[in-house]
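Colleague: what's the 3D shape of this:
(2 chains)
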Number of protein chains: 2
Amino acid sequence: MTETATQMDIKTFLNLCSGNWFSQRTNYSLGGEKTESGKADLNIATIPPEDSKITQLCQQYRIDPKQSLGGLSYSWDTSVDWGKPKQQGSSLIVFVSDGDDTTTGKLLTNVTPKAVAKASGIYVIGQDEALTLTIETEEIGVEERIWFASNNLRLRTTVIKNSTGITNTSFYSEIRKAPPKEG
Amino acid sequence: MTETATQMDIKTFLNLCSGNWFSQRTNYSLGGEKTESGKADLNIATIPPEDSKITQLCQQYRIDPKQSLGGLSYSWDTSVDWGKPKQQGSSLIVFVSDGDDTTTGKLLTNVTPKAVAKASGIYVIGQDEALTLTIETEEIGVEERIWFASNNLRLRTTVIKNSTGITNTSFYSEIRKAPPKEG
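Modeller: Here you go, the predicted model:
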């Protein structure tokens, strides 16, 4: 459990994210001290750099698609959260190389519900093997930190700021679901 | 919100922790997918290295108290969490220098309720200015990560492992309370 000198690279990290997850979330709204929690099924797939969804998003940002390292497609479904309105959605995050530095670069995203619809930002992989995504628009800033407590337990925190300061923090505890049995 | 090359030192970090906090916690028990949440008033005070509580704890671990960098005393009270049994407690964490390296060293603690009563471990301050505390006993391992989203918003996650794997994760969102008005 100690930190080591080895450096996780972005591709290894993205491959670890791939799979089906049971995601539990707690959100704290800071002004009113309101707490909200929820559950969702979350599917994450790695998308290769040459995929048309990635090249299109790169072109929208006038970035050479050849610089793309690939991306993650997220899709979620809150049907497991009985008694709450069902929500389904999806988003794409594309990682763009920053030259020779394998620990940091640009990120492009086309949907982050409730926060930003389309935005760009930066990613950094720290020596502690956590991935930090930072997105800033004119209205808000979002900082998301993702790390693996084990290969089958993914943890995430998000901090959302607007012009008045920090408004929300969230914690996600995500358990990898066993692959479906072959029938 | 980007990472910088400046390095937070442990003393600056401990001073930032000092104060009165409104602490909101969510705990996920992984086996049964049980969620539990709570609120507490949390007081954190910095304790100077020469304090007798620190020298005593160092002596119990046969560590020269002169190597101590000081510590934090935590005391909490869940009276703000209406309708739940009231819990009060306190603990002490002592930070011990690891020679010239200001980013890592030993830690000694005398109470961590529910987890370990007395234990030692290591601390590391990362380039992202987060403090990670790692404690391992024969029964369990605890990894706690503490960072500041702002001077007045402290975030913490904990991951608890036993011999069967990871059993619990928690998230704490802690808001600094305004100092009492002089009257």
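
Colleague: what comes into contact with the longest strand anywhere in chain A?
Modeller: If each strand of chain A is counted by residues according to DSSP state E, the longest one is strand A:34-47. Defining contact as CB atoms under 8 Å, 6 or more residues apart in numbering or on different chains, one finds that strand A:34-47 is touched by A:14-15, A:17-29, A:53-54, A:70-81, A:84, A:87, A:92, A:94, A:174, A:177, B:24, B:26, B:35, B:37. Glycine gets a C-beta too; all of them are placed from N, C-alpha and C.

Colleague: which of the residues you listed are buried?
Modeller: By neighbour count, with 16 or more other CB atoms under 10 Å in any protein chain shown, the contacts of strand A:34-47 hold A:14, A:17, A:19, A:21, A:23-28, A:54, A:70-74, A:76, A:78, A:81, A:92, A:94, A:174, B:24, B:26, B:37 as buried.

Colleague: and the residues you listed, which of them are in strands?
Modeller: Among those, the ones falling in strands (DSSP E) are A:19, A:21, A:23-28, A:70-74, A:76, A:92, A:94, A:174, B:24, B:26, B:37.

Colleague: so what sits opposite whichever residue of chain A sits closest to chain B in the bridge?
Modeller: Among all residues of chain A, A:Phe171 sits closest to chain B, at 3.3 Å; criterion: CB to the nearest CB. According to DSSP bridges, A:Thr26, A:Thr157 are recorded as the beta-bridge partners of A:Phe171.

Colleague: neighbours of it, just the number please.
Modeller: The tally of other residues near A:Phe171 (other CB atoms under 10 Å in any protein chain shown) stands at 25.

Colleague: same check, this time on A:Ile125
Modeller: Number of residues near A:Ile125 (other CB under 10 Å) recorded here: 21.

Colleague: buried stuff in stretch A:168-183?
Modeller: For stretch A:168-183, burial by neighbour count (16+ other CB under 10 Å) applies to A:168-176.

Colleague: quick check, nearest of these to B:Arg145?
Modeller: A:Phe171 (11.5 Å; CB to CB).

Colleague: near chain B, which residues of chain A show up?
Modeller: Residues of chain A lying near chain B by CB under 8 Å from any CB of the partner chain: A:1-3, A:22, A:24, A:26, A:28, A:30, A:33, A:35, A:37, A:122, A:124, A:126-128, A:130, A:132, A:134, A:136, A:141, A:143, A:149-150, A:153, A:155, A:157, A:159, A:161, A:165-166, A:169, A:171, A:173, A:175.

Colleague: out of those residues, which are buried?
Modeller: Taking 16+ other CB under 10 Å as the criterion, what is buried in these is A:3, A:24, A:26, A:28, A:30, A:37, A:122, A:124, A:126-128, A:130, A:132, A:134, A:136, A:141, A:143, A:149, A:153, A:155, A:157, A:159, A:161, A:166, A:169, A:171, A:173, A:175.
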